[in-house]
Structures are given as structure tokens and as C-alpha cells.
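K.L.:
predicted structure and sequence below. I'll ask about it afterward.
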Amino acid sequence: MKVFWKAFDLPFEYPFTISKGTKSTQPTLAVALQHLGINGFGEAPAISYYGITTEKMISDLQRKKLFVEKFSFTEPDRYWHYLHHLLEDNSFLVCALDMAGWDIYGKMQGKPLYDLWELDTDKSPVTDYTIGWDEPEVMVKKLKEHPWPAYKIKVGLPDDIERVQELRLHTKAPFRVDANGGWTFDEAVEKINQLKNLDVELVEQPLHQDDWEGAKKLYKVSALPLFADESCVEEEDVLRCKGAFHGINIKLTKCSGITPAKRMIANAHQMDLKVMLGCMNESSIGTAAIAHLAPMADYLDVDGPLLLTEDLARGHEIVDGYFEYNERPGLGLQLFHNFLV
């Protein structure tokens, strides 16, 4: 086994603003594993409010490179467990390597991952397009330039309901809103009641991620389904969400990869929690991994490549909100950059 990596800084089409801050580029780390002449690829974007930078991922990978490479790879579940203990403080890096392991495994079997998992890609739901926070006229401009069957609207800042109302004047497509923990309990109750009349499907992370008592109270009175994002990071968080949320947003980068995400999906469905698969503005490398899991989800928020002006690969194209799957084995990627050096 050999490991390679390269950091990229991918520009957004528009500055991307949420209640936690603004960024104009998405730093991300692409990795490659080479095993028995087969190359597997993965990706992990850097997210500042989780304290993970590309520099940290590279530093951890350099320190543990020998151990990453010495593992006798046979199948990805075992490799994830090994990485999970080897890199216990860096779930982002584990995610990228786990993706690459699954890519190799699919190529070894000569099948796309969705085929290995016996999933029906026709059941993959529509993915929304995110309208990041901005001045009202700019948010309307984004919406008009990107006609889409469903939108995710970033809220959680002053005058957010007025922005949703303005956007509603320009499309009949369903909305999903994401407060990124930016509301108080009283704000959430009031604003969710207003949003119900604006054809909003669901509300993501209305309260701070640690406000579990508030989440349980809001769950009982909310006029709309509530989905956990920042409150649902790891596998053990799924059980905590029962009775506090109606669904969870699983992001591969947060939970540390495809391997735990599959278990989280199964556990959520057993508890009658809806599942959204989300992104952290990955390129088409990370998006391909999510695409293979998509038939198991109820909702998709996988628009990373649509928000960026540069991409790292060609994978499963998103056309009019739906994945058009290719039949290439593994993740199904064609890389734009050679970082096997």
C-alpha cells in the first residue's frame, strides 16, 4: 500500500455565508491509495469550526504514513477500524482514506459500490441547491441563475424570514432551511410557524448543537420536521437524536467515512428517523462517495460541485437535481489531476 495526497483551494461561485461565517474558497485534501496496482481516491474538505485544516490533515498523514501504508488491505471495513484507532483525533482524514479504500475494493471486485451494495439508483432522491446567506437581491440572483427542483436556504441571521419570503416570490420549488444552530428556542418556534406557510419541507439544526433540552422541547411543538446536523456527528449521536429530531443529516467527513455512514443510516431507519445525506462542499471526489449511498437516503444535500467553479474529477453528474450514475467500478471517478507522486 502506498499513500499520496495533495491539498487544493477550490473557489466558490459566490462567497459562501452561513451563521458561522463566510468563505470564498473551499480548502480540501485529496488522497490516493495504491494497492496491487489499483488506485483508490478520497477527499476531505477542511472546516474551520471543527478545527480541521488541510495542514493538520497533512501533518497527521505525514506522521502516520508508515502505519497507513503497512496495513494488509483486504476489505474496507477492517481498514476503517484500523484507521479509526490510528487517527482517532482526525475523523476528516479517516474519511478520505476510507473512501479511497472503498474505491480500491470496488475496483478489485469490478463493480460500482452501489452495485456491490445491491442498491437501486433509481431510488436516489433529488438533491437541493444551496442558496447561501447574502443580501436579498443577491440571494434572488443566485436562485434565478440556478433553476432547481429544490433549494436549501441558509438562515440563522437577522431578517432571515424576510429573505425566505422574498425568495418564495420567485419560485414554487420546495425549500429546506438550515439555521446552523443560529436560533434561540423562542426564535425557532416563531420562525418555524412562519416558514410552514412558505412551503418549507424541513428545518435543519435550529438550535445550538449542545442544546439537547431545547431540542427535545422544540421537537414536541415544531410545525415542521427538524433535522440534526451539528448535533449528529458520530455514530453514537444517532440514538441521542431520537425524540429530539425527526431526522439526521449524515456527512461523511464528520462521521469519518462511508463505513460508519452505512451503519448510521441503518440505525436511523430502525429508529424511524429520516435520513439526509449532506455535503461539506466536496468536489466530485467526495460527492461520488455520497452518490453511492444516496439510494438509502430520504433527502439529499449534495451540491458541492455545483457551488464551486473548479472540480477535481468527473464522477456521477448531477443533472436537474438527480445523479446520472456511470457504471465504472469503485467510486466511478475520472481524475483531473495526477497526484500519485
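P.N.:
It's in.

K.L.:
so what's Met194 closest to, chain neighbours aside?
P.N.:
Just so we're on the same page, residue 194 is Gln rather than Met. In space, and not counting its chain neighbours, Gln194 is closest to Ile161: 5.2 Å by Cβ to Cβ, 6 or more residues apart in numbering. For every residue, glycine as well, the C-beta is placed using N, CA and C.

K.L.:
try His292
P.N.:
Excluding its sequence neighbours, the residue lying closest to His292 (Cβ to Cβ, 6+ apart) is Leu113, at 4.0 Å.

K.L.:
quick revisit: relative to Val155, how far out is the residue nearest to Gln194?
P.N.:
8 Å (Cβ to Cβ, to the nearest Å).

K.L.:
where do the contact lists of the two overlap?
P.N.:
Common neighbours of Ile161 and Val155, using Cβ atoms under 8 Å, 6 or more residues apart in numbering, are Lys191.

K.L.:
what ranges do the strands span in the stretch 101-250 of the chain?
P.N.:
Residue ranges of the strands in the stretch 101-250 of the chain, as given by DSSP state E, counting those that start in this stretch, are 129-131, 151-154, 175-178, 200-204, 226-228, 247-251.

K.L.:
for Ala244, grab phi and psi.
P.N.:
phi -120, psi -20 (degrees, to the nearest 10).

K.L.:
that one and Tyr219 touch, don't they?
P.N.:
Yes. Between Ala244 and Tyr219 there is a contact at 5.4 Å, judged by Cβ atoms under 8 Å.

K.L.:
neighbour count winner among the two?
P.N.:
Ala244 (21 against 16; other Cβ atoms under 10 Å).

K.L.:
what mean pLDDT would you report for the top helix by length along the chain?
P.N.:
Criterion DSSP state H: the longest helix present in the chain is helix 91-109. Here helix 91-109 scores 98 as its mean pLDDT.

K.L.:
quickly list the domain ranges of the protein.
P.N.:
Using automatic domain parsing, the domain parsing of the chain gives 2-110, 115-335.

K.L.:
before we move on, the earlier item: ok and the longest helix of the chain relative to strand 247-251, angle-wise?
P.N.:
Helix 91-109 runs at 80 degrees relative to strand 247-251, counting by axes from the mean of the first three to the mean of the last three Cα atoms, to 10 degrees.
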